[in-house]
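Visitor: got a structure for you, letters missing:
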């Protein structure tokens, strides 16, 4: 093989495990958990009782924070951080890039006598001022206007970020412009959670709960990712620049044997996972599950679900820690939705629910047909998803996810709800009248006496559904592996808030203040919602062509790609929806549309330029080199009177000609400037540039199967996926 590839393979096969520096036999994980978090126990130990109670009212009940509390909290937080070795503090925020950002400031301030003091007060805790000019704003601000503010989010705990040379106190914050408009992902999440809580409380009060307390949305996002050796990664310009391979022939073995899924985790990978978990435990991230995923080289990590705002912050930490830890083990963590063609891509299933401090409102109980409160909240979700399925589709629309949605590895782009046989049966009963029965969970005898009798759920699961009820929560399966979960949470919280608002209003009108009318009013409402919104319920195979035809008959939108989906944000009724519940102003909604369209264009443009460069400077020269070898061999045979077989040369020559032509067409598509607004440019990339890239790749992958190993310049799929 080529020298670069040989060196990479040698480096992989000779890799030596690193010392983690952690004696796992002496330090149990429960001691590590939360050790770097300024959490409840630290607050209770370090804050005066009155300050602690006031802060807890803000964290648990959403009460406004008294400014006088901030100075006391800041002092305690600083002292705690200094004991942990911190020299700086950082306001950590989530700009509309979808990544995290941070500005570090030292605790030390000159005292005037040649020494320095460690200072950090309420003013520094509450507010920071990073430069906002270079972050995406979608027209909210001009680039010459630089002022932006970070605002402390006390509901998401501060934490210590360790580095070999020191530590930093990290403070989760919102990020807003000088005009007060959201420039980040967190602010709309907090607004949407507040709106959802307010409307859910109205419903709970109608059910006789006079003081229900805050209703909190919760989330537990599963994270899929790939690991490859860094030597291969640095030999692939496409992976380095775009996160996915733009070329690569199908290997002799892919995932068809299904022997990767839940298989034994390779030692090197397991050591990496354990180190990631150790760091995440310190940060209070409730990691629960790890396993091999379906595709070779693919893995999954999943946390326990928690407060949705904190879960969104923790999800960013999960991605960051996994990417930062991989080099320690000589690997690269790939979060792109489709890093390799021909095998499964990666998603991020977001498990979502809502509840009070004492109850999960989506817990059906043993007899869900009798659980009117559960049925009302479940009906609210059904109505929300049916009315606003286009917004849920927009929430997961970006170029990376276009490679995944609709394939037989991820949910279709058609948004539907899977309820399972038990709930589907109950809602069918409700359409006709009161529900009188629930399908029972049972037991399963496996057939071998040594094995125990197993409990059996009342219904199966459906992996083809984009939005599935899974026992006491809904699983939004269409979220992409690289994206922040904040956007999907904002949409989900807002549309369910609107649905609960509708339900509360209808029940209030129907009951007229008479609690005795609750049952009859609920029955009528459930019957009406089921009749109007049952079209979104589908328990079958979401991959089938029959479902696509059926969904069209039901009037369900099928927004097949990002360019089709994003204009939904520009509908007046959708902007009005976000504005009504104080989640996003029309100007903020429009800004996100512009940012997402521009990001789509930038992503595809980058991919096309990388593909063009690799085709011209790596793949085509390799083809020329082998073509020259074949021609020289043929000429040598003729000189000694032998008739050469020209099949390989003819085939390669034809492919080279096709490849040169395809490269020219791709270059022309890239250089052609689309006219019109931003979505016109996006359509040009979708309709002209991407098809041209696909043609170049198709030919290049055929060339790869002909060119010898000692000439082919790029690490192959076989090497990247199977050499650990």
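Guide: Done, it's in. What you see is a predicted model, and the numbers here were worked out from it, not measured in a lab.
Visitor: From the rest of the structure, what touches stretch 58-67?
Guide: The contact list for stretch 58-67, computed with Cβ atoms under 8 Å, 6 or more residues apart in numbering, reads 54-55, 57, 122, 126, 154-155, 194, 197, 213-214, 357. Where C-beta positions appear, they are placed from N, C-alpha and C, glycine not excepted.
Visitor: Buried subset of those as a PyMOL selection?
Guide: Restricted to buried positions by 16 or more other Cβ atoms under 10 Å, the PyMOL selection for the contacts of stretch 58-67 reads:
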select buried, resi 54+55+122+126+154+155+194+197+214
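Visitor: shaky segments in the stretch 501-650 of the chain?
Guide: Residue ranges of the stretch 501-650 of the chain with pLDDT under 70: none are present.
Visitor: now the helices: where do they sit in it?
Guide: Using DSSP state H, counting those that start in this stretch, the helices assigned to the stretch 501-650 of the chain run over residues 518-533, 545-554, 562-565, 572-580, 586-614, 620-639, 647-671.
Visitor: one step back: can you tell me which of the contacts of stretch 58-67 is nearest residue 284?
Guide: For those, the residue nearest residue 284 by Cβ to Cβ is residue 155; the value is 13.5 Å.
Visitor: Now that the closest one has come up, it's in contact with residue 306, right?
Guide: No. Counting by Cβ atoms under 8 Å, residue 155 sits too far from residue 306 to count as a contact (11.4 Å).
Visitor: Which SSE is immediately downstream of the longest strand anywhere in the chain?
Guide: The longest strand of the chain (DSSP state E) is strand 166-177. Using DSSP states H and E, the helix or strand that directly follows strand 166-177 along the chain is helix 186-206.
Visitor: same for that next one, what does it pack against?
Guide: If contacts are counted by 3 or more Cβ pairs under 8 Å, 6 or more residues apart in numbering; DSSP states H and E, helix 186-206 sits against strand 166-177, strand 216-221, helix 308-325, helix 372-387, helix 486-511.
Visitor: Show me what the mean pLDDT comes to for stretch 109-116.
Guide: Averaging pLDDT along stretch 109-116 gives 64.
Visitor: ok so, going back, out of the contacts of stretch 58-67, which sit inside strands?
Guide: Residues of those located in strands (DSSP E): none.
Visitor: quick check, nearest of the contacts of stretch 58-67 to residue 491?
Guide: Among the contacts of stretch 58-67, residue 194 lies closest to residue 491 (Cβ to Cβ), at 15.3 Å.
Visitor: Any idea how many residues pack against residue 62?
Guide: 16 (other Cβ atoms under 10 Å).
Visitor: same thing with the one 4 residues further on?
Guide: Residue 66 has 12 neighbouring residues, counting by other Cβ under 10 Å.
Visitor: Pull out the buried positions in stretch 425-444.
Guide: Applying 16+ other Cβ under 10 Å to stretch 425-444 flags 425-427, 429-430, 435, 438-439 as buried.
Visitor: sorry, back to before: for the helices and strands packed on helix 186-206, which one ends up most surrounded?
Guide: strand 216-221 (a mean of 24; mean count of other Cβ atoms under 10 Å).
Visitor: could you give the angle of that one to helix 186-206?
Guide: Interaxial angle, strand 216-221 versus helix 186-206 (axes from the mean of the first three to the mean of the last three Cα atoms, to 10 degrees): 130 degrees.
Visitor: what are the pairing partners of strand 216-221, and which direction each?
Guide: Sheet pairing here is set by DSSP bridges, and for strand 216-221 it gives strand 306-307 (antiparallel), strand 350-355 (antiparallel).
Visitor: the bottom helix or strand of the chain by mean pLDDT?
Guide: strand 116-118 (a mean of 61; mean pLDDT, DSSP states H and E).
Visitor: List the residues that contact the residue nearest to the spatial centre of the chain.
Guide: Nearest residue to the geometric centre of the chain (Cα atoms, centre = their mean): residue 483, 3.8 Å. With contacts defined as Cβ under 8 Å, 6+ apart, residue 483 is in contact with 98, 348, 396, 398, 400-401.
Visitor: Which single one of those is nearest to residue 597?
Guide: residue 398 (10.3 Å).
Visitor: From residue 392, how far out is that closest one?
Guide: Distance of residue 398 to residue 392, computed by Cβ to Cβ, to the nearest Å: 14 Å.
Visitor: Also residue 636?
Guide: 65 Å.
Visitor: Of the two, which one has the most company?
Guide: Between residue 636 and residue 392, counted using other Cβ under 10 Å, the more crowded position is residue 392 (23 against 11).
Visitor: Measure how buried the closest residue to residue 212 other than its chain neighbours is and give me the count.
Guide: The shortest distance from residue 212 to any non-neighbouring residue, by Cβ to Cβ, 6 or more residues apart in numbering, is to residue 204 (3.9 Å). By the measure other Cβ under 10 Å, the count of residues near residue 204 is 22.
Visitor: List the contacts of residue 204.
Guide: By Cβ under 8 Å, 6+ apart, residue 204 lies in contact with 212, 215, 356, 373.
Visitor: Most widely separated two among those?
Guide: Checking these with Cβ to Cβ, the most distant pair is 215 and 373, at 12.0 Å.
Visitor: Look up the residues that both of these two are in contact with.
Guide: Joint contacts of residue 215 and residue 373 (Cβ under 8 Å, 6+ apart) are 204, 361.
Visitor: Now do stretch 53-65: distance to the chain's middle.
Guide: From the chain centre to the centre of stretch 53-65 is a distance of 29 Å (Cα atoms, centre = their mean, to the nearest Å).
Visitor: tell me the mean pLDDT over the helix or strand that contains residue 81?
Guide: Assigned by DSSP H and E, residue 81 belongs to helix 67-83. Confidence over helix 67-83 (mean pLDDT, whole number) is 92.
Visitor: can you check stretch 318-333 too?
Guide: Stretch 318-333 carries an average pLDDT of 95.
Visitor: same thing with stretch 198-209?
Guide: On average, stretch 198-209 scores 96.
Visitor: just checking, residue 70 touches residue 122?
Guide: Yes. Residue 70 is in contact with residue 122 according to Cβ under 8 Å; the separation is 3.2 Å.
Visitor: Any idea which of the helices of the stretch 501-650 of the chain gets closest to residue 180?
Guide: The nearest among the helices of the stretch 501-650 of the chain, by Cβ to Cβ, is helix 586-614 at 10.3 Å.
Visitor: Return the distance of that closest one from the chain's centre.
Guide: Using Cα atoms, centre = their mean, the offset of helix 586-614 from its chain centre is 18 Å.
Visitor: tell me what it is packed against?
Guide: helix 237-242, helix 399-402, helix 562-565, helix 572-580, helix 647-671, helix 678-684, helix 690-704.
Visitor: Recalculate using a threshold of 6 Å.
Guide: Judged by 3 or more Cβ pairs under 6 Å, 6 or more residues apart in numbering; DSSP states H and E, helix 586-614 is in contact with helix 237-242, helix 399-402, helix 572-580, helix 647-671, helix 678-684.
Visitor: Could you list the low-pLDDT ranges of the stretch 351-500 of the chain?
Guide: By pLDDT under 70, the low-scoring segments of the stretch 351-500 of the chain are 408, 443-444, 449, 453-454, 456-461.
Visitor: Much appreciated, bye for now.
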